[in-house]
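Visitor: Structure here, sequence nowhere to be found:
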């Protein structure tokens, strides 16, 4: 349980600093696997002809799926495949984490065959008191995804609750 926890100047300095870009691939296999994994049954996620008949270029990404990070040994996070270093980060020393949720805003279709480039940044830091965990640090992360044509296709806002 975190007690007397404060947001430091060093932590605040991470707000707004953009990470290096990282590549995410969208393949027919990954779209099908994600759709199947979350229980979607709409044929547009599995059958290219059905997707095209519905007006897509290929299989569309299911909601919240933004491709699979390209794994590069030594440079990628061994758990999540994305980059090890996504910017300055927030060094807080808190050991526990809860997923605070993610919101995705779409600006264009994302389909199998697309290659996305993502950048991250810390958008906000807040402290909240919890009866069960004590002081929690809420870190809001902003991710921008741009496709191979340079078009911003999605933005995500996620929160991690550290305590």
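Guide: Happy to help now that I have it. Note that the coordinates shown come from a computational prediction; the quantities given were computed from them, not determined experimentally.
Visitor: Now do the nearest residue to residue 83 once chain neighbours are set aside, the pLDDT please.
Guide: Closest residue in space to residue 83, ignoring its immediate chain neighbours: residue 22 at 4.8 Å, by C-beta to C-beta, 6 or more residues apart in numbering. No exception for glycine: its C-beta is placed from N, CA and C like everyone else's. The per-residue pLDDT reported for residue 22 equals 94.
Visitor: contacting residues for residue 22?
Guide: The contact partners of residue 22, taken as C-beta atoms under 8 Å, 6 or more residues apart in numbering, are 69, 70, 82, 83, 86, 117, 118, 119.
Visitor: I'd like the residues you listed written out as CSV, with pLDDT and neighbour count added.
Guide: As requested, these are arranged in CSV below (pLDDT from 0 to 100; neighbours: other C-beta atoms under 10 Å):
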residue, pLDDT, neighbour count
69, 93, 18
70, 92, 15
82, 78, 21
83, 80, 20
86, 62, 21
117, 97, 15
118, 96, 21
119, 94, 16
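Visitor: Where strands are concerned, which of those count?
Guide: Of the positions in these, 69, 117, 118, 119 sit in strands, assigned by DSSP state E.
Visitor: wait, which of those is closest to residue 154?
Guide: Set against residue 154, the nearest of these by C-beta to C-beta is residue 118 (9.0 Å).
Visitor: Contact partners for the closest residue to the closest one other than its chain neighbours?
Guide: Taking C-beta to C-beta, 6+ apart, and ignoring the residues beside it in sequence, residue 118 has residue 145 as its nearest neighbour in space, at 5.0 Å. Applying C-beta under 8 Å, 6+ apart, we find residue 145 in contact with 24, 66, 67, 110, 116, 117, 118, 152, 153, 154, 155, 156.
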